[in-house]
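S.K.: sequence and predicted structure below; questions after.
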Amino acid sequence: MIKRTSSYGGILHEVVEHNGTLYLSGLVADTLTPDIKAQTEDIMRQLQTLLRANGSDVDRVLQATVYLSDLSLKDGFNAVWKKTFAEAHLPARAAIGVADLGKDVLVEMVLITAKR
């Protein structure tokens, strides 16, 4: 069975669940400050809320794809990343530089997570 929750604008669901695995759509900050750390902290708060609501937690994240508007922002992103994920529970990850994520968007994350 496939479960889809949190429809967004008629174009996607924030979370799709199949066989105990959660697939999270691209998360971006709600408040688009010019600071990569602030945007990343906002995304991590959203992530934790979504995971708890769907029977998971950050220690269950399996894989993350991170899109950065500028790869020179990676150090700031990594500082927040390291505060969010314990070393023993770091997911597989790719960080990709892209030309345009949208007006003032510095980072977007797509994740795959196991349920508890």
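M.R.: Received it, and whenever you're ready, just let me know what you need.
S.K.: what residues sit buried inside stretch 100-112?
M.R.: Along stretch 100-112, the positions that meet the burial threshold by neighbour count (16 or more other Cβ atoms under 10 Å) are 105, 106, 107, 108, 109, 111. Glycine gets a C-beta too; all of them are placed from N, C-alpha and C.
S.K.: and of these, the nearest to residue 45?
M.R.: In terms of Cβ to Cβ, no member of the buried residues of stretch 100-112 lies closer to residue 45 than residue 109, at 12.3 Å.
S.K.: and the residue most central in space within the chain, what does it touch?
M.R.: Among the residues of the chain, residue 109 comes closest to the average C-alpha position under Cα atoms, centre = their mean, at 3.7 Å. Contacts of residue 109 were listed using Cβ atoms under 8 Å, 6 or more residues apart in numbering, and they are 24, 26, 27, 43, 47, 64, 65, 66, 67.
S.K.: give me the buried subset of these.
M.R.: If you count burial by 16+ other Cβ under 10 Å, the buried members of the contacts of residue 109 come out as 24, 26, 27, 43, 47, 64, 66, 67.
S.K.: wait, the fourth one touches residue 105, no?
M.R.: Just to be clear, that refers to residue 43. No: using Cβ atoms under 8 Å, residue 43 is not in contact with residue 105; the gap is 10.4 Å.
S.K.: what sits in contact with each of these two?
M.R.: 28, 29.
S.K.: and the gap between the closest residue to residue 14 other than its chain neighbours and residue 23?
M.R.: With Cβ to Cβ, 6 or more residues apart in numbering as the criterion, residue 14 has its nearest non-adjacent residue at 3.6 Å, and that residue is residue 6. Residue 6 sits at a distance of 12 Å from residue 23 (criterion: Cβ to Cβ, to the nearest Å).
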